[in-house]
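Undergrad: Okay, predicted coordinates and the sequence, questions at the end:
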Amino acid sequence: MLDLNNKSILITGGTGSLGKALTKRIYEQYPNVKRLVIFSRDEQKQFQMAQEYPADKYKSIRFFIGDVRDKERLVRAMKGIDYVIHAAAMKHVHLAEYNPSECIKTNVNGAENVIYACLESGVTDVVALSTDKACAPINLYGATKLTSDKLFVAANNISGNNDIRFSVVRYGNVMGSNGSVIPFFIKKKEEGFLPITDPKMTRFNISLDGGVDMVLHALGNSWGGEIFIPKIPSYKITDVADAIAPEIKHKVVGIRPGEKLHEEMITASDSFYTYDLGKYYTILPSVTRWDLNEFVSELKATKVAEGFTYNSGENEEWETVDSLKKLIKEHVDSTFEA
């Protein structure tokens, strides 16, 4: 069972939505954490977050300005760290299409730097955050995150004598995160119309708390090399619009560069390595350093059928307009009224 008390943790991209949610949960569940390092390149966000976690009350927190593109800075930051959560990324699809080199420097080169620093620093467990856009990618952002996933999975094979496990968590749109559709629609509501890319568009939906649950599950249960995938509902983009502003007209603006109509998290090709763990699916590496039969037996894992896919447009579980209203009020804006 995972116990982060008396352990040292570093979160790259720690001032982002998930980084802040992780920080909140860690202090709630593990108040005796030895050290929590918030590693990010945005000094303004670090300044703001430091106001929420004053040093006189949160004596174990450290704010470390740095960029995952800087290998030496990462090595310095990871001295004495036990657990690393890699959340730093350039994530806006359309921006990555127009700034491909910048996206590669952060999402691919940054991933390599994190892996190198972890291997150099005696870290024991690493969880990298991924995205449904890494599955059968059609855009540069997804391609860089797929590359990142492959790097973290393969890192288990180059760890030598290091007692370290690398794993990945892959999930869909995080409700209320920076740049996500729900805050965008709430703001656009004031303008009198909501821009809809395509009325048929669907997405997977997960709350920040659900994302935090996944990360902590991976930290405590990874054998090394897994890609963990949650079983979560989908929503239709038109239902999100109706939940936020039922009286306001929609304006179809077309799919933006690099966007898909539906997202995937498991393809038919992935099914050969995919197991059902109950609450989560996991895609296992083709080469492991541990015994597969022992893994299946201990975790009561069940192999999915060949050809199995997990697609937001063909999901068995769906949010409704009413359920979305409740979730928005619970997870995004407590003052929300449709």
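TA: Now that the structure is in, tell me what you want to look at. Numbering: from 1, shown residues only.
Undergrad: need the helices for the chain, in chain order.
TA: Counting by DSSP state H, the chain has helices at residues 17-29, 43-52, 71-77, 93-98, 100-104, 110-121, 140-155, 181-188, 208-221, 237-244, 292-299, 321-331.
Undergrad: Which other helices and strands does the third one contact?
TA: Just to be clear, that refers to helix 71-77. Judged by 3 or more CB pairs under 8 Å, 6 or more residues apart in numbering; DSSP states H and E, helix 71-77 is in contact with strand 35-40, helix 110-121. In this view, the C-beta of every residue, glycine as well, is placed from N, C-alpha and C.
Undergrad: Try it again at 6 Å.
TA: For helix 71-77, the elements it packs on are helix 110-121, judged by 3 or more CB pairs under 6 Å, 6 or more residues apart in numbering; DSSP states H and E.
Undergrad: Give me the spatial nearest neighbour of Lys188, chain neighbours excluded.
TA: Closest residue in space to Lys188, ignoring its immediate chain neighbours: Leu194 at 5.5 Å, by CB to CB, 6 or more residues apart in numbering.
Undergrad: The one you found contacts Val240, doesn't it?
TA: No: in this structure, Leu194 is not within contact of Val240 by CB atoms under 6 Å, at 8.9 Å.
Undergrad: Not counting its neighbours along the chain, what's nearest Thr147?
TA: Nearest non-adjacent residue to Thr147, counting by CB to CB, 6+ apart: Val108, 5.0 Å away.
Undergrad: neighbours around the one you found, how many?
TA: Per other CB atoms under 10 Å, the neighbour tally for Val108 reads 18.
Undergrad: which residues touch the residue nearest the centre of the chain?
TA: Centroid-nearest residue in the chain: Leu129, 3.8 Å away (criterion: CA atoms, centre = their mean). With contact taken as CB atoms under 6 Å, 6 or more residues apart in numbering, Leu129 is in contact with Ala87, Val169.
Undergrad: same thing with the one 5 residues further on?
TA: Residues touching Ala134, when contacts are defined by CB under 6 Å, 6+ apart, comprise Gly142, Lys145, Leu146, Asp149.
Undergrad: What does the pLDDT read for the nearest residue to Ile328 once chain neighbours are set aside?
TA: Closest residue to Ile328 apart from its sequence neighbours, by CB to CB, 6+ apart: Phe336 at 5.0 Å. Model confidence at Phe336, given as pLDDT, is 80.
Undergrad: Relative to Lys249, which of the contacts of Ala134 is nearest.
TA: Gly142 (31.4 Å; CB to CB).
Undergrad: Count the residues that sit near that closest one.
TA: Gly142, neighbours per other CB under 10 Å, totals 23.
Undergrad: Then Lys187?
TA: Neighbours around Lys187, by other CB under 10 Å: 9.
Undergrad: Report the separation between it and Gly16.
TA: Lys187 sits at a distance of 19 Å from Gly16 (criterion: CB to CB, to the nearest Å).
Undergrad: Likewise for Val215?
TA: Separation of Val215 from Gly16 (CB to CB) stands at 13 Å.
Undergrad: Same question for Pro199.
TA: From Pro199 to Gly16 the distance is 30 Å (CB to CB).
Undergrad: for this protein, which spans come out with low pLDDT?
TA: 338 (pLDDT under 70).
Undergrad: follow-up on the earlier one: can you pick the most crowded of the contacts of Ala134?
TA: Neighbour counts for the contacts of Ala134 peak at Lys145, which has 30 neighbours (criterion: other CB under 10 Å).
Undergrad: State the distance from the spatially closest residue to it that is not a sequence neighbour to Glu314.
TA: The shortest distance from Lys145 to any non-neighbouring residue, by CB to CB, 6+ apart, is to Ala134 (3.9 Å). In this view, Ala134 and Glu314 are 19 Å apart by CB to CB.
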